[in-house]
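1. Below is the structure, and that's it, no one-letter string:
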């Protein structure tokens with residue numbers, strides 16, 4: 001969800017629909033939690049950054 005929000009620039013409603021969530025606010029909460037976890041956990045931050053880099057390779 002975090003990557004869809006950042007890389008795809010999709011709005012919360014579109015991401016919620018893709019993940020079959022009934023409330024788009026669930027996406028906002030998940031993205032916020034991911035950001036908080038990434039601030040605390042360097043390994044997680046590196047993994048997410050690696051995935052982001054792989055998604056943006058041309």
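-> Structure received. Everything numeric here is computed off the predicted structure, so don't read it as measured data.
2. Rounded mean pLDDT for stretch 32-44, please.
-> For stretch 32-44, the mean pLDDT works out to 96.
3. buried sites along it?
-> 34, 38 (16 or more other Cβ atoms under 10 Å). C-beta coordinates here come from the backbone N, C-alpha and C atoms, glycine included.
4. List the residues that contact residue 6.
-> Listed by Cβ atoms under 8 Å, 6 or more residues apart in numbering, the contact set of residue 6 reads residue 52.
5. any idea how far it is from residue 13?
-> 16 Å (Cβ to Cβ, to the nearest Å).
6. Likewise for residue 38?
-> 24 Å.
7. Residue 17: which element?
-> helix 12-18 (DSSP states H and E).
8. and if you look at residue 21?
-> Using DSSP H and E, no element contains residue 21; it sits outside every helix and strand.
9. Which residue, other than its chain neighbours, is closest to it?
-> Excluding its sequence neighbours, the residue lying closest to residue 21 (Cβ to Cβ, 6 or more residues apart in numbering) is residue 27, at 6.6 Å.
10. So that neighbour, which state does it fall into?
-> Assigned with DSSP: H, G, I helix; E, B strand; the rest coil, residue 27 falls in the helix class.
11. that older thread, what's the mean pLDDT across the helix holding residue 17?
-> Helix 12-18 comes out with an average pLDDT of 95.
12. Would you confirm that residue 31 contacts residue 5?
-> Yes - look at residue 31 against residue 5 with Cβ atoms under 8 Å: they come within range, at 5.4 Å.
13. How much space separates residue 42 from residue 22?
-> Taking Cβ to Cβ as the measure, residue 42 falls 34 Å from residue 22.
14. For residue 16, give me its contacts.
-> Counting by Cβ under 8 Å, 6+ apart, residue 16 makes contact with 22, 23, 24, 26, 27.
15. any idea how far residue 50 is from the residue lying closest to the first one once chain neighbours are set aside?
-> Ranked by Cβ to Cβ, 6+ apart and with sequence neighbours excluded, the top spatial neighbour of residue 22 is residue 16, at 7.5 Å. Counting by Cβ to Cβ, the gap between residue 16 and residue 50 amounts to 26 Å.
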